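Chemist: take a look and give me a structure for this.
(chains A and B)
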Amino acid sequence: MVEKASKIQTKEDALDKTACETDVEIKNTDGLHMRPAMQFVDIASRFKSEVTVSNGENSVNGKSIMQMSMLAATYGTKLRIKTEGADAQQAIDALKELVEEKKFGEPAPNNQKKHTLG
Amino acid sequence: MKFADFICFQAIIPELKAKDRVGVITELVSALDKAGRLGNVSCKEITKAVIKRENEASTGMGKGVAVPHVKHPAVRDVVAVIGQSSIGIDFSALDKQPVYSVILLVSPLNNPDKHLQAMENIFRFLQQEKFRKFLRQAQTRKQIEELLKETDENPNF
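Modeler: Purely as a prediction, here's the structure:
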């Protein structure tokens, strides 16, 4: 279970906090198996912000390897990452880069469909 | 996915003889082999591959559980086995604590999605303290099998 974030914040806290949200798509063939999940948790844990990842069905703590493994995010799965805290923007940028650009340093399918929109 | 879809019940080891990580992996792979679930791949080869993978990064996720696994081209289907140790095994776990329940998973290369779904099923329950406790308390193969089947039928376990 994901711990509920406290809804009661002091005004000072609220000023400090930024919340960011982005959608990412899993682009490596093997999906979010344990090694990529560990890389994700490693990067998420470098930031103070809370990191939540959702696959539409489950919302999990992006700093927990067990919870991340529960997403069963196969190739092509879209995930929503939310970060909240003073370094929320840096955190979300780093995580998006890991998933979509670095593709966890893993191969992507060869016969990938070309998305030639506009 | 359900446990019954990928756990080889007859290979379950309620009390492992081995007392270290390599020994436990060897014992569990050998149990799968004896149950005829490794196909034509040699037991030795799978054992070696699981240990190699384990050495890259420990699958001891903390809370007394470890999930050693490997993908191998000669394996036909995703299959897993459970072994338990009452003394606790040093798995170089993330929380540096001993491991009491080990789920070893072997998957083919060509079905990454099924591998992920099996892992999802495993962690959905291993995450829950109640499930970990019941698993550790189960003393016979039959009790472990019943616990897994109960969770299959009752996802809100």
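
Chemist: so what's B:Leu147 scoring on pLDDT?
Modeler: In the predicted model, B:Leu147 carries a pLDDT score of 97.

Chemist: low-confidence ranges in the chain?
Modeler: All of this refers to chain A. Counting by pLDDT under 70, chain A has low-confidence residues at A:1-15, A:111-118.

Chemist: check which residues of the longest helix seen in it are buried.
Modeler: Residue-count comparison of every helix in chain A, with assignments taken from DSSP state H, identifies helix A:34-45 as the longest. If you call a residue buried by 16 or more other C-beta atoms under 10 Å in any protein chain shown, then helix A:34-45 has these buried ones: A:34, A:36-41, A:43-44. (Glycine included, C-beta is placed from N, CA and C.)

Chemist: stretch A:20-33 near chain B anywhere?
Modeler: Yes: using C-beta under 8 Å from any C-beta of the partner chain, we find that stretch A:20-33 touches chain B at A:29-33.

Chemist: gap between the two ends of that stretch?
Modeler: Distance between the boundary residues of stretch A:20-33 (C-alpha to C-alpha, to the nearest Å) amounts to 25 Å.

Chemist: in chain B, which helix or strand is least confident?
Modeler: None of the helices or strands of chain B scores lower by mean pLDDT, DSSP states H and E than strand B:60-62, at a mean of 94.

Chemist: note down every partner strand of that one and its orientation.
Modeler: Partners of strand B:60-62 in the sheet, by DSSP bridges, are strand B:65-66 (antiparallel).

Chemist: show me what the very next helix or strand once past the strand it pairs with is packed against.
Modeler: Toward the C-terminal end, the helix or strand that comes next after strand B:65-66 (DSSP states H and E) is strand B:69-71. Under the contact definition 3 or more C-beta pairs under 8 Å, 6 or more residues apart in numbering or on different chains; DSSP states H and E, strand B:69-71 sits against helix B:43-56, strand B:99-107, helix B:112-126.

Chemist: fine by me, thanks again.
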